[in-house]
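> how would this look folded up:
(chains A and B)
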2 protein chains.
Amino acid sequence: MSKQELPVVDVTACCAPLTREPLNAAEADELAPLFKAIADPVRLRLLSLIACHEGGEACVCDLTGAFELTAPTISHHLKVLKQAGLIDSERRGTWVYYWIKPAALERLSAILGPRQAAGLVTA
Amino acid sequence: MSKQELPVVDVTACCAPLTREPLNAAEADELAPLFKAIADPVRLRLLSLIACHEGGEACVCDLTGAFELTAPTISHHLKVLKQAGLIDSERRGTWVYYWIKPAALERLSAILGPRQAAGLVTA
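Alright, predicted model coming up:
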């Protein structure tokens, strides 16, 4: 696995909750940066604001009003979320629009979820 | 909210996925340290090893073999997880035994989960 860039989430790679089978070192190395990306109150709120915004996407102009932060600071946090593969973006005219990548969030949710959350009941 | 200690997880406090309604600042401030606690490959694996260990609990003696780390380093990581409210522990004789607090993990899972994961389908 390349260490030179943040990992791209392969949502098919693993979804068994960590409470059901031990995470191996490679999985843990891949997941930790994703959790680090959301381990920040501003980034958690940005994710939520984007996901809940009308149409499921938002531009920076929709987001800055919720924070007492400068636009460059908001942009930095958005970049961290994008590099982690949790959101994606596209420029349209003046503004860059952002939307969440639901599969990435769902993968993190499944990893932390109860034993039966993976949809594969092997018992 | 006191900034002097890590927040204690109130699992009844909120479970609506962040994709369904915008997280407020207080919720985000409370959740970010929990995600930070698991945003480390060693701590992710420790959580998983403890949860998957026979009987749902493990002592340090069960955990150190999985890592090329010293016992004090493992103990440090366990302390971070315990302070975040993700695991609990009890000394019995020579060893301290650890177990996960499933409700805390399930809360994090629910926050990241799909809109319908909270068990409250409001359509």
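> who does the lowest-mean-pLDDT helix or strand in chain A touch, helix- and strand-wise?
Between all helices and strands in chain A, the lowest mean by mean pLDDT, DSSP states H and E belongs to helix A:60-63, at a mean of 91. If you count contacts as 3 or more CB pairs under 8 Å, 6 or more residues apart in numbering or on different chains; DSSP states H and E, helix A:60-63 packs onto helix A:41-52, helix A:71-83, strand A:95-100. Heads up, the C-betas are built off the backbone N, CA and C, glycines and all.
> pick the most buried one from the ones you listed.
Of these, the one with the most neighbours on average (mean count of other CB atoms under 10 Å in any protein chain shown) is helix A:41-52, at a mean of 24.
> over to A:E90. Which of the three states is it?
strand (DSSP: H, G, I helix; E, B strand; the rest coil).
> pretty sure it sits against A:Y97.
Yes. A:E90 is within contact range of A:Y97, at 5.6 Å (criterion: CB atoms under 8 Å).
> just the element for A:L34, please.
According to DSSP states H and E, A:L34 maps onto helix A:25-38.
> hmm, stretch A:84-95 touching chain B?
No. Using CB under 8 Å from any CB of the partner chain, stretch A:84-95 stays clear of chain B, with a minimum separation of 9.8 Å.
> then that stretch to CSV, C-alphas only?
Provided in CSV are the C-alpha atoms of stretch A:84-95 (Å, rounded to 0.1, in the frame of the first residue of the first chain):
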residue,chain,number,x,y,z
ALA,A,84,-9.7,11.5,3.0
GLY,A,85,-12.3,10.5,0.4
LEU,A,86,-15.2,11.5,2.6
ILE,A,87,-16.5,14.3,0.3
ASP,A,88,-16.0,15.2,-3.4
SER,A,89,-16.3,18.5,-5.2
GLU,A,90,-16.7,20.3,-8.5
ARG,A,91,-16.2,23.8,-9.6
ARG,A,92,-19.2,25.5,-11.3
GLY,A,93,-18.6,29.0,-12.3
THR,A,94,-17.6,31.1,-9.2
TRP,A,95,-18.2,28.4,-6.6
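> re earlier: outside of the least confident helix or strand of chain A, which residues touch it?
Under the criterion CB atoms under 8 Å, 6 or more residues apart in numbering or on different chains, residues A:L46, A:L49, A:I50, A:H53, A:A71, A:I74, A:S75, A:L78, A:W95, A:V96, A:Y98 lie in contact with helix A:60-63.
> residues near the closest residue to the fourth one other than its chain neighbours, how many?
Spatial nearest neighbour of A:H53, chain neighbours left out: A:D62 (5.9 Å); criterion: CB to CB, 6 or more residues apart in numbering or on different chains. Each residue near A:D62 was counted by other CB atoms under 10 Å in any protein chain shown, and the total is 16.
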